[in-house]
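Visitor: Give me a model of this one.
(one chain, ligands or ions: 1)
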Amino acid sequence: MGFRKSGLPSSLAAAAADTGRYCGTSAQIEQIDGQPDLRAAIVRECTWLTPEYALKWDAIEPKPGSHLFTPVDDLLRFSDAHGMKVRGHTLLWHRTVPSWAERILRESKDWGPIHRHFSTVLARYGQAIDQWDVINEPLEPGHHGDGLRRSVFLDVFGPDYIRRALEEARILAPTARLMVNEYGLEYDLPDERSRRHCLLKLVERLKAAGAPLDGLGIQGHLDLGKGKIDATAFGDFLAEIAALGLFIVITELDVREADRQAPVAARDRRVADEVRRYLDVALAQPAVRGVITWGMTDRHSWLSPSTADEGHATDTARTTRDRNRGLPFDAAMHRKPMHSAIRESLLAAPR
Ligand code: XIL
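Guide: Predicted coordinates:
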């Protein structure tokens, strides 16, 4: 791992290791294979890797019983060769249930398709992959009394689907650490206040029911249009989650910009300052074990307007001008102030 003349580690991975933590990013194996500068940055900066979408249900089983394992196999081979660990993102997410599966679930009201999905994926990867987001984004406060999101899972199986999924995953992958992954937990906004509250209640209920929940993933999609991060409320929330016995990972850190017309230096400063404010609160909590960014370089940001919410992003669809600059490296793979912000926050964190 790289060290600066100062003796302080220069890479994110080394800075994280300095306080016993880890650092990583999400990626697509096709990008790692096709872009040597990306590959080099990932090898240097990361000890964890999350497949950006290859493990999602609609990506891995586009047609019933017909699986596309190659991208995940290849990503695992790459991470293995470089001593990296992989996050299992994600078993159940309302946005990536294949339409064929949603139809069967709604018609049959039978857990069978979920069981088959879990069995196949966990038989193949349950040992090789350490952490699993068993459920991604279960909350959407305002719809259901307990803040659970309306989804095919809630509609068909009721609120107990979360416990059931965790138990099933535990049986199929007994050594893996099982997590719930959620967003929208850091700002001083009514919706985020209610998300913190509902998530805490959900974890309390799951723990009281003896559900095998080991950790909480906090996506950490920061947003310069959302006002202030509520440092006190976010810090208290992390402490309460930790007190319930869970470890915590920041799983998808990036920053959505509010003003892409400002000079680049000012934009990069704002992004970095927001990240520093956020990580200083998060990393003050010893239960926060790792920081994963949602991409390494602005070249691949899912937040660039031409690609956001349009399914899987391709590089060519992005233009330089409207690119979001919310990741540690710019599109030419130069370090930005956000890189220093993550690194310095890691180095300043209590052990
Ligand atoms: C995004 C990917 O980056 C896109 O390429 C894909 O089309 C949609 O999903 N929260 C999550 C991630 O948990 O899985 C999402 O990833 C970003 C928001």
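
Visitor: Angles on the backbone of the nearest residue to I292 once chain neighbours are set aside, please.
Guide: Closest residue to I292 apart from its sequence neighbours, by Cβ to Cβ, 6 or more residues apart in numbering: G24 at 4.4 Å. Every residue, glycine included, has its C-beta placed from N, CA and C. G24 adopts backbone torsions of phi -160, psi -170, taken as degrees, to the nearest 10.

Visitor: what about the helices in the protein?
Guide: 12-18, 29-34, 36-45, 57-60, 70-81, 99-108, 112-125, 152-157, 161-172, 190-208, 231-243, 264-283, 337-348 (DSSP state H).

Visitor: Include distance to the ligand when you put those into JSON lines, please.
Guide: Below are the helices of the chain laid out as JSON lines (distance: least, Cβ to the nearest ligand atom, whole Å):
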{"stretch": "helix 12-18", "distance to the ligand": "20"}
{"stretch": "helix 29-34", "distance to the ligand": "11"}
{"stretch": "helix 36-45", "distance to the ligand": "15"}
{"stretch": "helix 57-60", "distance to the ligand": "9"}
{"stretch": "helix 70-81", "distance to the ligand": "13"}
{"stretch": "helix 99-108", "distance to the ligand": "16"}
{"stretch": "helix 112-125", "distance to the ligand": "16"}
{"stretch": "helix 152-157", "distance to the ligand": "16"}
{"stretch": "helix 161-172", "distance to the ligand": "16"}
{"stretch": "helix 190-208", "distance to the ligand": "14"}
{"stretch": "helix 231-243", "distance to the ligand": "18"}
{"stretch": "helix 264-283", "distance to the ligand": "17"}
{"stretch": "helix 337-348", "distance to the ligand": "18"}
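
Visitor: Count the neighbours of the residue nearest to A231 when sequence neighbours are not counted for me.
Guide: With Cβ to Cβ, 6+ apart as the criterion, A231 has its nearest non-adjacent residue at 4.8 Å, and that residue is V281. Other residues near V281 come to 21 when the count uses other Cβ atoms under 10 Å.

Visitor: just checking, V281 touches I229?
Guide: Yes: at 7.1 Å, V281 counts as touching I229 under the criterion of Cβ atoms under 8 Å.

Visitor: Dig out what the residue nearest to I292 forms beta bridges with.
Guide: Legend: beta-bridge partners of G24 under DSSP bridges are W48, I292.

Visitor: Next, count neighbours for it.
Guide: Other residues within reach of G24 by the criterion other Cβ under 10 Å amount to 27.

Visitor: Pipe the helices of the chain into TSV and attach mean pLDDT per row.
Guide: Putting the helices of the chain into TSV (pLDDT from 0 to 100) gives the following:
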stretch	mean pLDDT
helix 12-18	96
helix 29-34	98
helix 36-45	98
helix 57-60	98
helix 70-81	98
helix 99-108	98
helix 112-125	98
helix 152-157	98
helix 161-172	98
helix 190-208	98
helix 231-243	98
helix 264-283	98
helix 337-348	98
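
Visitor: Kindly present those as a markdown table, with separate columns for distance to D298.
Guide: Shown next, in a markdown table, are the helices of the chain (distance: least, Cβ to Cβ, whole Å):
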| stretch | distance to D298 |
| --- | --- |
| helix 12-18 | 16 |
| helix 29-34 | 13 |
| helix 36-45 | 12 |
| helix 57-60 | 23 |
| helix 70-81 | 21 |
| helix 99-108 | 32 |
| helix 112-125 | 30 |
| helix 152-157 | 34 |
| helix 161-172 | 34 |
| helix 190-208 | 25 |
| helix 231-243 | 26 |
| helix 264-283 | 10 |
| helix 337-348 | 10 |
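
Visitor: Show the pLDDT at whatever residue of the chain ends up closest to the ligand.
Guide: Nearest to the ligand in the chain, going by Cβ to the nearest ligand atom, is W302, at a distance of 3.5 Å. Here, the pLDDT recorded for W302 equals 95.
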